[in-house]
Each structure stands twice: as structure tokens, then as C-alpha cells.
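**Student:** Sequence and computational prediction follow.
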2 protein chains.
Amino acid sequence: MPQTSIPGYTYGTAAVARSPLTLDDLELLKRTLLFGEQDVQALRLSREVLADQVEQILDVWYGFVGANPHLLAAFTDPASGQPLADYLAAVRKRFGQWILDTAAAHYDQTWLDYQYEIGLRHARAKKNATDGVHSTEVVPFRYLLPLAYPIVTTLKPFLASKGHSAEEVEQMEQAWLKSVLLQVTLWSQPYVKDGEF
Amino acid sequence: MPQTSIPGYTYGTAAVARSPLTLDDLELLKRTLLFGEQDVQALRLSREVLADQVEQILDVWYGFVGANPHLLAAFTDPASGQPLADYLAAVRKRFGQWILDTAAAHYDQTWLDYQYEIGLRHARAKKNATDGVHSTEVVPFRYLLPLAYPIVTTLKPFLASKGHSAEEVEQMEQAWLKSVLLQVTLWSQPYVKDGEF
């Protein structure tokens, strides 16, 4: 389990509930996505590539969210409509760790459980609770999946910045795309009606 | 509106309910996805490329679903576990038209309404109703998004088969990826709990 001192980052701890999905369920999702061992290796290669670029990547992503009021809304005070700087900063630290965790590609029970936790924190179930903030009640589901596209696309120059071959860069991009789609699927579970997930 | 004689294909007809989303909502989704006019043009170019290859594309997609029991399950008789050939064939005709409609890229109210209809037909709300079949009660939400990946990836050789430049092919691929992610987002609406979409 990653050892960090990031507030609210509870990966691998007893504070994280068991995922409603099993590792067998996860295997079927991976098969649907054509996610295989090559993707695991490409993600791990990307960890070496991205580790010292995390802050620059977050600058790009936060710049995109900040430029789009419909996305920034999830970080605002509903009364004033103003962004909550402390909330943005707290989430940013965990978002940086998320980059490293995605690239570590240990898709085991601990990781599966934490995807459930991440989903709960976006949905009404646990939005705002981790950081004790008074913000909007839910991250609207409709933006989770569309955000996957700019997240992965804006990674491309970072993945290509360390001199790897075009084929390696392409494999890292595809592995990231698959992993983000897989994760958004897992995060969606708390949003979906009972019996339809 | 497309004129076809495909059973159950109701695009642009009074049988389709109004989408709960507005065109302004759609615009925000497109912005989140970085979906712009270049993507519209790339999709329309893909229509010329793909139109005479629809059956071959469907062969690939149906081959993938048929090879994965967890996906084929949505087309089976729950009592016997056997695939329903008539159901598979009826959906296939509409799936072929979906390729052409996606590539036509008329993202107007009529199109938006039909995305809602497609979502309802996957969710518990209207599963099986269009074809009057006795099959499983819902297409599990968890497979909708992961399926986007093989759908788009297996299109690549078809998009590249007519001699377009590498840049044009790449633009068509990216436009298809964005459009499918956009559509899966719209299809998810009937699955999501009230007030969380």
C-alpha cells in the first residue's frame, strides 16, 4: 500500500469499505476493455515517465477545470458560487497520488476497494465528507465520463517527453485510456440504481 | 431524419420521448469532451468510408460479443441461457444504422432525444420492449462504457481502408472515440439515481 501523508488519502486502510464487486467481476470488465498484461506493463513504464511531471500535469488539468464553470461548480460554495480554494488544494494532492496509483497498476482487491471509495466521494453518498467542506451535493455523473477524454489526451505530451519510441508512447496512451475508462466504470457504481449496475 | 424500414428504429418519430437534457446541456458535454467542428467533419468523412463496410464491422462486433458470455447474456433467454437469434438479428439492423447515424453527426434535438431512447432500451425501463422478447431485464451498466473501447479500436482498420492520410484517419478515430463516450454518457441517464446525473 502506498505510504503518504496526504490528508483524506485512505488507500489500503481500514477506513475503506469493501467494493460491491469481486475480483472476478473486475476480470470481466478488463476482458471487455481488452485490458491485458501489455497494458499493465505500459502503465508501469508510464509511472517512471510521469512521476517527476505530476505537478505540471495537474496544472493542465486544473487549468481546464478552472476554465469551465460547469466543472468548477463541484468545487464551489453553493451559497456564494465562489470556488473553495482549500477544497481544490486538498483534492489536488490526492489527484496527484491518483496519477501514480493508476500507473502502478496493482489491480487487486485493495485497489478495487479504493475505486469504490473514490466513486462514493463523487456521488451524493460521500461528496464533501472527506474534506469537511460545504460545497455542492454531488459531482454530476454526466461529466465523469466526458472528462476521461481530456484527462488522457493532455497526458500525451508528458508521455512522449522522455524519449520513448512512438510505439511505446502509443501503448502507454492506450493503457491509460483503458484504465481511466475502467475506473470511471467502477466510480459509477454508487450513482446507478439498485439492480442495474 | 433517416428513412428506413428497420423494425423498432424510431429515430425522428413521435414514438420517441423528449430527452431530459437540453441542447445547452449537450453543449456543455461536448465542451468537456473537447468535441468541436473538426470532429463533426471527421465523423462525416468517416460516413463515406464506413458506409459500404457496415456488415463487416458488425461481424467483428458481434464476434466479440458472441465470444464473451458475460456480454452475450443480455441477448439470452434467462430460463435456458440460450442466445435469442431473432433478438440478436433485430438489434443488429439497428446497430448498423447507428454506425451511419453516429457518422452523420447531426447533434440536434432529434438526435438527443434518440440517445435518451437508446438509453431506456438498455436500462430496465425499456429493455426487451422494442423487440417483444423475453430476455434478461437489463443490460448491466458496468459493460456499457468498457465496450466503448473495443467498438472504437476495431473501427481503426476500417477507417484506414480507403487511402486517407494518417492524419485524417487519426482525426476520424478521435472523433469516433469522443462521440461514443458522449453517447454512453447520454445512455447512462436512465440508469442513474434521481438528482445525481
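**Tutor:** The structure has been received and is ready for your questions. Numbering: from 1, shown residues only, chains lettered A, B, ... in the order given.

**Student:** Now do A:Glu55 against chain B, distance only.
**Tutor:** Distance, A:Glu55 to chain B, using Cβ to the nearest Cβ, to the nearest Å: 22 Å. Just so you know, the C-beta spots here come from the backbone N, C-alpha and C atoms, and that holds for glycine as well.

**Student:** who touches that residue in this structure?
**Tutor:** The neighbourhood of A:Glu55, defined by Cβ atoms under 8 Å, 6 or more residues apart in numbering or on different chains, consists of A:Gly96.

**Student:** Under the pLDDT cut-off, which ranges of chain A? List them.
**Tutor:** Residue ranges of chain A with pLDDT under 70: A:1-3.

**Student:** Do a quick rundown of the helices in it.
**Tutor:** Residue ranges of the helices in chain A, as given by DSSP state H, are A:23-32, A:37-50, A:54-66, A:69-72, A:85-104, A:109-122, A:141-153, A:156-159, A:166-187.

**Student:** Rebuild the ones you listed as CSV, extending it with distance to B:Leu23.
**Tutor:** Shown next, in CSV, are the helices of chain A (distance: least, Cβ to Cβ, whole Å):
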stretch, distance to B:Leu23
helix A:23-32, 32
helix A:37-50, 37
helix A:54-66, 23
helix A:69-72, 14
helix A:85-104, 30
helix A:109-122, 26
helix A:141-153, 14
helix A:156-159, 31
helix A:166-187, 24
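
**Student:** near chain B, which residues of chain A show up?
**Tutor:** Residues of chain A lying close to chain B (Cβ under 8 Å from any Cβ of the partner chain) are A:21, A:25, A:28-29, A:31-34, A:68, A:70-71, A:123-124, A:138, A:140-143, A:145-150, A:153, A:177-178, A:181-182, A:184-185, A:188-189, A:191-193, A:195-197.

**Student:** Try it again at 7 Å.
**Tutor:** Counting by Cβ under 7 Å from any Cβ of the partner chain, chain A comes close to chain B at A:28-29, A:31-34, A:68, A:70-71, A:123-124, A:138, A:140-143, A:145-150, A:153, A:178, A:181-182, A:184-185, A:188, A:191-193, A:196-197.

**Student:** returning to that earlier point: wait, which of the helices of chain A is closest to B:Val133?
**Tutor:** With Cβ to Cβ, the closest approach to B:Val133 among these belongs to helix A:23-32: 22.7 Å.

**Student:** in the closest one, what's buried?
**Tutor:** Judged by neighbour count using 16 or more other Cβ atoms under 10 Å in any protein chain shown, the buried positions of helix A:23-32 are A:25-26, A:28-32.

**Student:** So which elements touch that helix?
**Tutor:** The contact analysis (3 or more Cβ pairs under 7 Å, 6 or more residues apart in numbering or on different chains; DSSP states H and E) places helix A:23-32 against helix A:109-122, helix A:166-187, helix B:141-153.

**Student:** if I pick the closest residue to A:Gln115 other than its chain neighbours, what's in contact with it?
**Tutor:** Once flanking residues are discounted, A:Gln115 sits nearest to A:Leu186: 3.8 Å by Cβ to Cβ, 6 or more residues apart in numbering or on different chains. Residues in contact with A:Leu186 (Cβ atoms under 7 Å, 6 or more residues apart in numbering or on different chains) are A:115-116, A:119.

**Student:** again, but for A:Gln183
**Tutor:** Counted by Cβ under 7 Å, 6+ apart, A:Gln183 has contacts A:Gln115.

**Student:** What about the contacts of A:Leu186, which one has the most neighbours?
**Tutor:** Neighbour tally across the contacts of A:Leu186 (other Cβ atoms under 10 Å in any protein chain shown): the maximum, 24 neighbours, falls on A:Gly119.

**Student:** Find the nearest non-adjacent residue to it, please.
**Tutor:** A:Trp187 (3.6 Å).

**Student:** swap in A:Ala129?
**Tutor:** In space, A:Ala129 is closest to A:Arg121, 7.4 Å off (Cβ to Cβ, 6+ apart).

**Student:** do A:Leu159 as well
**Tutor:** Nearest non-adjacent residue to A:Leu159, counting by Cβ to Cβ, 6+ apart: A:Met172, 4.8 Å away.

**Student:** A:Asp77 too?
**Tutor:** Excluding its sequence neighbours, the residue lying closest to A:Asp77 (Cβ to Cβ, 6+ apart) is A:Leu84, at 5.7 Å.

**Student:** Grab the nearest non-local neighbour of the spatially most central residue of chain A.
**Tutor:** By Cα atoms, centre = their mean, chain A has its centre lying nearest to A:Trp98, at 5.7 Å. Nearest non-adjacent residue to A:Trp98, counting by Cβ to Cβ, 6+ apart: A:Ile118, 7.9 Å away.

**Student:** how near is that neighbour to B:Tyr149?
**Tutor:** Counting by Cβ to Cβ, to the nearest Å, the gap from A:Ile118 to B:Tyr149 is 20 Å.

**Student:** what's the answer for A:Arg121, then?
**Tutor:** 25 Å.

**Student:** same question, A:Ile57
**Tutor:** From A:Ile57 to B:Tyr149 the distance is 22 Å (Cβ to Cβ).

**Student:** The closest residue to A:Leu120 other than its chain neighbours: how many residues sit nearby?
**Tutor:** Counting by Cβ to Cβ, 6+ apart, A:Leu120 lies nearest to A:Lys126, which is 4.2 Å off, once chain neighbours are set aside. Neighbouring residues of A:Lys126 were enumerated by other Cβ under 10 Å; the total is 14.

**Student:** correct me, but A:Ile151 touches A:Val180?
**Tutor:** Yes - with contact defined as Cβ atoms under 7 Å, A:Ile151 counts as touching A:Val180 (6.0 Å).

**Student:** Need the overlap of contacts for the two.
**Tutor:** By Cβ under 7 Å, 6+ apart, no residue touches both A:Ile151 and A:Val180.

**Student:** What residues does A:Leu29 make contact with?
**Tutor:** A:Leu29 touches A:182, A:185, B:142, B:146, counting by Cβ under 7 Å, 6+ apart.
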